[in-house]
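Colleague: Sequence first, predicted model second:
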Amino acid sequence: MKKLRKDKFTPYLFILPHVIVFLLFFLYPMVNGIYASFTKWNLFSDPVWVGLENYKTIFFNQDSTFYRQFWVGLRNTVTFVLLCVPPQIILPLVLAALLYLRPRGHRLFQSIFYMPTLFSITSVILTWLFIFNRSLGLFNKMLGTDVNWYGEQPWAWTAIVIVTLWWVIGSNLIIYVAAFSGVDRSLLESAQIDGAGGLRRFFSIMLPSIRFPLVYTIVMAVISQFNIYGQPLLLHNASEPIESVTVLLIYIRKLAFGTGNPIAGMSSAMATCLGLIIGVVSIGQTIILRKQDD
Amino acid sequence: MKRKNKSLFITLALALACLMLLSACGGSSGGSSGAAPSEAASEPAAEATDAGGEDASSEAPSVAPGKKGTLEFWTVFTGADGTSMQTMVDAYNATDPDYTVNHRAMDANDLYLKLPLATQSQEDVPDIAINHVERLTLHSDNGYIDDFTPFLEGSPVQKENYNATLWEASDMSGGHYGVPLDSTAEIMFVNMDLYEKYGGGALDDEVVTWDEIEAVGDATVADGIIPLGISWRRASWLSGYGQLGGTMTQDGETPVLSDAPSIQVLETWQKLHDAGYTQKEGDAPWELFLGGQVLYVLEGSWMLNNAIESGVNYKIVDFPVYDTGAKGHWTSSHNFVLPRNDARDDEKTAAALDFINFIGENSMTWAEAGQIPAHLSVVEDPAFDEMPQAFIAQSDDSTLKVFTYKYYGFAVESLDKVLDEILYGRMSIEDGLAQAEQETKDRIEMEG
């Protein structure tokens, strides 16, 4: 009897540290943030309850700066997600499939592809900042072009997407390589004997075998790219990024922690909206992707 | 036994790996553990932009305390001028004062974020700080800084010792809130080698007009030289705007950024850009000037050291004018301020003023770094006349365009966002200025 009771508690003890961290550093700030979104608050004095006023401003008041910032920021964030997530899934898939063939030096390639993910955002930006420089950068010199990589579209998005892909492909790659290694080779061989070509084997056997990691990485990729912040903020050489790459998180942070008094209430309202959008998109994705598998 | 040892070893190894993982995570992200790094990426990004300013200030060495303690001194002098300030502070500390001074430099944005936080919470409040003069109206209104007036009587810091315009710029709300250290001006650097070739005598009357710049456009561009580099757009706009009489506000409260002077300045810029006479977007005009590819560049007097080190044959002259009779350049001034600090007693305040006076009297070091000191003893010293920036100190005070609009900070930050868009033709002048004005108004509304 005693042994049974002890076993009942042990699992909870194991998850307790994570739960504490989750409550303190995620749930409590989140609830606080949602509360702040209903207030007018400059972080120093007490928040003043204003109800739905912040939300009304960002959704309906077309003259307001905050309306403009929210919708421009959201549009730019969604653009980035649409531009970045498909290659972020497809490229590692292709690379993983190639690595699955175990060519010479595949372990070396694996390491090389994975290494960029170990860098911090500042190192990544420092690496790429001068490569895209207009007059002195590598790309323009090599291609003989005079493209303004930071100031003009579509080049600004191109630069940001290239940098992001270079940085994040590694992690998805490792997940797919590991998932593919679990694919039964005998299945592939028998398919080959039956006359299935490479592509057919890939789409009909390999992909379905890794559907759980695939769904996971797709959902995580979307969530993380909705949270894009560092690359557009830092990858430019003016005093600010241009408006068409200023994503929502940049506006959110600037409002709460820019110069001048913080406008934390409005910032929290925008952040809450972004969080809700991410939540809805993730849930929707999971349902659709899971359904397809069933 | 062996198996038990092996599992113990594995447990220890895992524990060590977890520790290392946590410490690595702690450094960069909010602890996302092995999820797609792109998720972790967005968080460290937020940390990274904060970390720069934080680390610099928290790692600064502390000075040995004097007989009675130390004074905490916050400045915005990161970079080359920071070394000069540190030299002067060290010189003061070497005089064995009762209170030694601990100099902490930080990014301006960081200082303007930390100062209100510190004064409102009364925790870690510095004893002295540097503020740009434009910030003083808001800071004094909000009670972040103290009035100097009750402390000036009998102290070595006196109005007569300083440039009158710069001193008076910190008179407000019936009190006096800053002691000027220097003035900084947005002026123009000229590459004299290129001027010999293309200048066409524009400097014969010591000042260049916008028309004269336009006139040299074709010849310079044909040889791959950029006629005019507009470096810090905000300061360049402020200079032209100030020259034409703009003040950002009519009643001191409501921002007015789309008035005639503003439009005229931006039309001049667009005209030059459309003709191909300015830098292309993405170019770094100052760096190109140092590399000898730009004839005229609009930059600040504080960049002087850079120019000297680069070996370019440069000269600094007044900001370009529309009318040779109406010179003017954006002038800011670094001021010493006394942050509201309940723990700073009269004795400490007197020590602070002593320090401020010392710096003032010894600001030749500051001048050697390319600055224009506000203390008259330095400016009137013949050694100062030899310095390239001397002509700015000697020009008529009416050319010093100091902006003291209460919400200057909001206005220029809103302008920063649109000036590039306007210059490079992505936004019309009307739309851009309307947006900047609206944003300033919205931020002011959020203040109250």
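Modeller: Right, received. Where do you want to start?
Colleague: From now on I want contacts and neighbour counts done on CA atoms only, so please keep to that.
Modeller: Fine.
Colleague: How many neighbouring residues does residue A:199 have?
Modeller: Counted by other C-alpha atoms under 10 Å in any protein chain shown, the residues lying close to residue A:199 total 10.
Colleague: Restricting to C-alpha, output the helix or strand that contains it in CSV.
Modeller: In this assignment (DSSP states H and E), residue A:199 forms part of helix A:198-201. What follows is helix A:198-201, C-alpha atoms only, in CSV (Å, rounded to 0.1, in the frame of the first residue of the first chain):
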residue,chain,number,x,y,z
GLY,A,198,12.1,7.8,-56.3
LEU,A,199,9.5,10.6,-56.1
ARG,A,200,6.7,8.1,-55.7
ARG,A,201,8.5,6.4,-52.8
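Colleague: Show me how far that helix is from its chain's centre.
Modeller: A distance of 30 Å separates the centroid of the chain from that of helix A:198-201, by C-alpha atoms, centre = their mean, to the nearest Å.
Colleague: And for the very next helix or strand once past that helix, what's in contact with it?
Modeller: Reading on from helix A:198-201 to the C-terminus, the next helix or strand found by DSSP H and E is helix A:207-209. Helix A:207-209 is contacted by residues A:180, A:183 when judged by C-alpha atoms under 8 Å, 6 or more residues apart in numbering or on different chains.
Colleague: Flag every buried residue along helix A:207-209.
Modeller: Judged by neighbour count (16 or more other C-alpha atoms under 10 Å in any protein chain shown), helix A:207-209 contains these buried residues: A:207, A:209.
Colleague: Equivalent analysis for stretch B:121-137, please.
Modeller: For stretch B:121-137, a neighbour-count test (16+ other C-alpha under 10 Å) marks B:122, B:125-137 as buried.
Colleague: how about the residues you listed in TSV, adding secondary structure?
Modeller: Converted to TSV, those look like this (DSSP: H, G, I helix; E, B strand; the rest coil):
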residue	secondary structure
B:122	coil
B:125	coil
B:126	coil
B:127	coil
B:128	strand
B:129	strand
B:130	strand
B:131	strand
B:132	strand
B:133	helix
B:134	helix
B:135	helix
B:136	helix
B:137	helix
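Colleague: Can you tell me which of the residues you listed comes closest to chain A?
Modeller: Nearest to chain A, judged by C-alpha to the nearest C-alpha, of the buried residues of stretch B:121-137 is residue B:135 at 9.9 Å.
Colleague: I figured that closest one was touching residue B:406, is that so?
Modeller: Yes. Judged on C-alpha atoms under 8 Å, residue B:135 makes contact with residue B:406 at a distance of 7.4 Å.
Colleague: Let me know the pLDDT of whatever residue of chain A ends up closest to chain B.
Modeller: Proximity of chain A to chain B (C-alpha to the nearest C-alpha) peaks at residue A:224, 4.2 Å away. According to the per-residue confidence, residue A:224 scores 93 in pLDDT.
Colleague: Can you pull the residues of the stretch 51-200 of chain A lying near chain B?
Modeller: Contact residues, the stretch 51-200 of chain A versus chain B (C-alpha under 8 Å from any C-alpha of the partner chain): A:63-66, A:117, A:120-122, A:133-135, A:148-151, A:167-168, A:171-172.
Colleague: Quick check on those residues: which are buried?
Modeller: Burial by neighbour count, 16+ other C-alpha under 10 Å: within these this picks out A:64-66, A:117, A:120-122, A:133-135, A:148-151, A:167-168, A:171-172.
Colleague: Which members of those occur in helices, if any?
Modeller: A:65, A:66, A:121, A:122, A:167, A:168, A:171, A:172 (DSSP state H).
Colleague: For the second one, give me its contacts.
Modeller: For residue A:66, the contact set (C-alpha under 8 Å, 6+ apart) comprises A:57, A:58, A:266, B:442.
Colleague: Low-confidence ranges, the chain, go.
Modeller: All of this refers to chain A. Chain A contains residues with pLDDT under 70 at A:1-6, A:259-260, A:292-294.
Colleague: other chain: chain B
Modeller: Short version for chain B, where the test is pLDDT under 70: B:1-4, B:13-61, B:448.
Colleague: how far is whichever strand in it runs longest from where the chain is centred?
Modeller: In chain B, taking DSSP state E as the definition, the longest strand is strand B:182-191. For strand B:182-191, the gap between its own C-alpha mean and the chain's C-alpha mean amounts to 13 Å (C-alpha atoms, centre = their mean).
Colleague: any chance you could map the strands in the stretch 251-400 of chain B?
Modeller: B:294-300, B:314-317, B:329-332, B:334-337, B:372-373, B:400-401 (DSSP state E, counting those that start in this stretch).
Colleague: Next secondary structure after the helix or strand harbouring residue A:91?
Modeller: Applying DSSP H and E as the criterion places residue A:91 in helix A:65-100. Remark: after helix A:65-100, the chain's next helix or strand is helix A:106-114, criterion DSSP H and E.
Colleague: Let me know the angle separating that following helix from helix A:65-100.
Modeller: 170 degrees (axes from the mean of the first three to the mean of the last three C-alpha atoms, to 10 degrees).
Colleague: what comes up buried for helix A:106-114?
Modeller: Quick answer for helix A:106-114 (16+ other C-alpha under 10 Å): A:110, A:113, A:114.
Colleague: residues contacting the residue nearest to the second one when sequence neighbours are not counted?
Modeller: If you skip the residues right next to it in sequence, residue A:113 has residue A:170 as its closest partner in space, 5.4 Å away by C-alpha to C-alpha, 6 or more residues apart in numbering or on different chains. With contacts defined as C-alpha under 8 Å, 6+ apart, residue A:170 is in contact with A:92, A:113, A:114, A:115, A:116, A:117.
Colleague: The same query, at a cut-off of 10 Å, please.
Modeller: Residues near residue A:170 by C-alpha atoms under 10 Å, 6 or more residues apart in numbering or on different chains: A:88, A:92, A:95, A:110-118, A:176, B:36-37.
Colleague: can you check residue B:350 too?
Modeller: By C-alpha under 10 Å, 6+ apart, the contact set of residue B:350 is B:151, B:152, B:154, B:155, B:156, B:344, B:356.
Colleague: Now a ChimeraX select for only the buried ones of those.
Modeller: This is the ChimeraX syntax for the buried subset of the contacts of residue B:350, where burial follows 16+ other C-alpha under 10 Å:
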select /B:344,356
